[in-house]
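> 3D model of this:
(one chain, ligands or ions: 1)
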Amino acid sequence: MKDFVLALDQGTTSSRAILFDRAGGIHGQAQLEFKQYYPHDGWVEHDPMEILRSQKLAITAAMESAEVGSSSIAAIGITNQRETTIVWDKTTGQPVYNAIVWQCRRTADICEKMIADGMSDYITEHTGLLIDAYFSATKVKWILDNVAGARECAERGELLFGTIDTWLIWWLTGGKVHATDYSNASRTMMFDIDKLCWDERILKKLGIPASMLPEARESSGDFGVVAAGIPGLESLAGIPISGVAGDQQAALFGQACFSKGQAKNTYGTGCFLMMNTGETSMRSRNGLVSTVAWGLNGHAEYALEGSVFNGGSVIKWLRDGLGLIKSAPEVNILAESVKDSGGVLLVPAFTGLGAPYWDMYARGTMVGITRGTTSAHIARAVLDSIAYQVTDLIKAMEDDVGFRLSELRVDGGASVSNILMQIQSDMLGVSINRPEVVETTALGAAYLAGLAVGYWRDIDDIEQNRKVERLFTPKMSEAERAAHYAEWQRAVERSRSWAK
Ligand code: ADP
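The predicted structure follows:
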């Protein structure tokens, strides 16, 4: 009897491993941080070998903490920081350059050139994305253009490209499997999300040989087995790797948002909103991107995605920048000490504003301050600002899909804040649903892996696992809500084009 599924959650700052049981409960976990490299202003890199080492150590530590032997593991699922790009030698497995992280802006000029060359419509039509340095395609081009000899080697078929999922799969299978799943592929800006294949015109435009690209597969299915003799993981040999998804898509799956119209928001450093749009991919009129949610049972499902650059990070600013609180949880106590923000509004456009405004010249703005304003009002305005930004995304999404959200499922570090969740419910006029297990990203990867090997029967089986920890329902009148939102929009206006 196999008792557990092992999920690998390879994130931007740490590698984690979690063992889940059939009820979706956590049975053991471990987490290892790794180094961030900032070689120039706006550049971010990771060491691919360190990622691998930290991930392997997390696996063994998680199994030790759970006192679980490898014989009781049914399958392995992988979820990962998306878009981060690695190019390696297919014979030695050695990377030709560090991993270029999703946050890295070094390819902004390549993107500007693509936009000037009139590629914008083509990219959106085929990949569902907007041309941006965030996605993998221009990062691969950068490596081929800037690492001595790389382009020649790539053209001779000696180099492989992969996002982190592909890198881990390749190493865990002893170099046998070079594959990714549709959800990760859809974040590279070179994958046709409707045809579910690499887009030849984009590859040609960027000079990326197709021989470098992994095979794109369904998110729940065969990604090979752990090879024999991997140092440190010898006992895992033969365990199938059978679930793979990018972190946000995995969270959508872990939240059991299986039906069209269901949505989740992750309140982390930034906020990531994703809505299941069913079997058709949509194109947003409001600056959101369209992406593959997952491939399962022979077809792909899609999602609309929007992100807020500064979410939980605004709370950290209150702590580290303003020194008004000593720890993140204190924001809640301070904010709860007042009935509202006393007319103060904060627009945390520290690094510009994303969807639906897309204004890189917007800057942080605080308005409505009076002689009576206290630190508590500012703390409250901080929480309001997170909820307002998510509300903006949801309104954009509702406009795109043409119906109103019925409920929002939440996770991420700041979703533990009861006051923030109540504010969010009031602003949206919908209920907020917080699950018992908030490790939804890893859980989603585990579910995808377990489904493929029959550990869970089907999605109904999984849906029953999801237990609501708390529901927050709106307590504000429609008129009050509209008045507050109008105020927020006035404040946003004040913040716009500031740095121009
Ligand atoms: P990430 O995965 O982006 O690193 P997390 O999901 O771990 O982020 O969430 C971290 C964020 O959660 C921090 O920015 C912090 O401000 C916020 N946070 C942590 N604990 C609390 C709390 N008790 N109340 C409100 N916010 C919190």
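> secondary structure class for the closest residue in space to Gly312 that isn't next to it in sequence?
Residue nearest to Gly312 in three dimensions, not counting chain neighbours: Ala414, with 4.2 Å by C-beta to C-beta, 6 or more residues apart in numbering. From N, CA and C alone the C-beta is placed, and that goes for glycine too. Here Ala414 takes the helix state, with states given by DSSP: H, G, I helix; E, B strand; the rest coil.
> Ala414 against Ile386, yeah?
Yes: Ala414 is within contact range of Ile386, at 6.8 Å (criterion: C-beta atoms under 8 Å).
> any shared contact partners between these two?
Common neighbours of Ala414 and Ile386, counting by C-beta atoms under 8 Å, 6 or more residues apart in numbering, are 267, 311-312, 315, 420.
> List the ones among those that fall in strands.
Secondary structure from DSSP state E places Tyr267 of those in strands.
> Just the shared contacts of Ala414 and Ile386: which are in helices?
312, 315, 420 (DSSP state H).
> just these now: which is nearest the ligand?
Gly312 (2.4 Å; C-beta to the nearest ligand atom).
> re earlier: of all the ones in helices among the shared contacts of Ala414 and Ile386, which comes closest to Cys111?
Gly312 (27.4 Å; C-beta to C-beta).
> Please read off the pLDDT at that closest one from the model.
Gly312 is assigned a pLDDT of 92 by the prediction.
> For the longest helix anywhere in the chain, name the packing helices and strands.
If you go by DSSP H, the chain has its longest helix at helix 375-401. Helix 375-401 sits against strand 263-267, strand 271-278, strand 299-308, helix 312-316, helix 330-336, strand 345-347, helix 418-428, helix 478-495, with contacts defined as 3 or more C-beta pairs under 8 Å, 6 or more residues apart in numbering; DSSP states H and E.
> 7 Å instead?
Contacts defined by 3 or more C-beta pairs under 7 Å, 6 or more residues apart in numbering; DSSP states H and E place helix 375-401 against strand 271-278, strand 299-308, helix 312-316, helix 330-336, strand 345-347, helix 418-428.
> The next helix or strand after it pairs with which strands, parallel or anti?
Moving toward the C-terminus from helix 375-401, the next helix or strand (DSSP states H and E) is strand 407-411. Strand partners for strand 407-411, identified by DSSP bridges, are recorded as strand 263-267 (parallel), strand 431-435 (parallel).
> Would you check how far apart Met45 and Gln464 are?
Slight slip there: residue 45 is Glu, not Met. 43 Å (C-beta to C-beta, to the nearest Å).
> if you count what's nearby, which of those two comes out ahead?
Taking other C-beta atoms under 10 Å, Glu45 and Gln464 do not tie; Glu45 has more neighbours (19 against 12).
> In this structure that one contacts Phe34, no?
No: the pair Glu45 and Phe34 fails to qualify as a contact (C-beta atoms under 7 Å) at a distance of 11.4 Å.
> Which one (most neighbours) among the ones in helices among the shared contacts of Ala414 and Ile386?
Ile315 (29 neighbours).
> The ligand contacts on this protein?
268-269, 312-313, 315-316, 328-329, 331-332, 412-414, 416-417 (C-beta under 6 Å from any ligand atom).
> buried subset of the residues you listed?
Buried by 16 or more other C-beta atoms under 10 Å: 268-269, 312-313, 315, 328, 331-332, 412, 414, 416-417, out of the residues of the chain next to the ligand.
> Show me which pair in those is furthest apart.
Thr269 and Asn332 (17.7 Å).
> Local confidence estimate at Asn98?
Reading off the model, Asn98 has pLDDT 97.
> Quick check: closest non-adjacent residue to it.
Closest to Asn98 by C-beta to C-beta, 6+ apart is Glu45, at 3.9 Å.
> just to revisit the earlier point, which two of the residues of the chain next to the ligand have the greatest separation?
The span of the residues of the chain next to the ligand, defined through C-beta to C-beta, is set by Thr269 and Asn332 at 17.7 Å.
> who's in contact with the residue of the stretch 151-300 of the chain at minimum distance from the ligand?
Across the stretch 151-300 of the chain, no residue is closer to the ligand than Gly268, which sits at 2.8 Å (C-beta to the nearest ligand atom). Taking C-beta atoms under 7 Å, 6 or more residues apart in numbering, we find Gly268 in contact with 311-312, 412-413.
> Repeat the analysis, applying 8 Å as the threshold.
311-312, 412-414.
> what about the residue nearest to His40 when sequence neighbours are not counted, which SS state?
Leaving out its chain neighbours, the residue that sits closest to His40 by C-beta to C-beta, 6+ apart is Arg106, at 7.4 Å. When classified by three-state DSSP, Arg106 comes out as coil.
> And the strands in the stretch 101-250 of the chain?
With strands called from DSSP state E, counting those that start in this stretch, the stretch 101-250 of the chain shows them at 159-162, 179-181, 191-192, 197-198, 215-217, 241-246.
> With mean pLDDT and mean neighbour count added, can I get the ones you listed in a markdown table?
A markdown table is the format used below for those (pLDDT from 0 to 100; neighbours: other C-beta atoms under 10 Å):
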| stretch | mean pLDDT | mean neighbour count |
| --- | --- | --- |
| strand 159-162 | 98 | 26 |
| strand 179-181 | 98 | 28 |
| strand 191-192 | 98 | 24 |
| strand 197-198 | 98 | 16 |
| strand 215-217 | 98 | 18 |
| strand 241-246 | 98 | 31 |
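> The residue of the stretch 51-200 of the chain at minimum distance from the ligand: neighbouring residues, count only.
Relative to the ligand, the nearest point of the stretch 51-200 of the chain is Gln81 (9.8 Å; C-beta to the nearest ligand atom). Neighbour count for Gln81, taken as other C-beta under 10 Å: 23.
> Okay, it and Cys197: tell me how far apart.
Distance from Gln81 to Cys197, by C-beta to C-beta: 24 Å.
> again, but for Leu57
According to C-beta to C-beta, Leu57 and Cys197 sit 36 Å apart.
> same question, Glu83
For Glu83, the distance to Cys197 - C-beta to C-beta - is 19 Å.
> Show me the shaky parts of the stretch 1-150 of the chain.
By pLDDT under 70, the low-scoring segments of the stretch 1-150 of the chain are 1.
> Helices of the stretch 1-150 of the chain, start to end?
48-66, 108-116, 120-127, 137-146, 150-155 (DSSP state H, counting those that start in this stretch).
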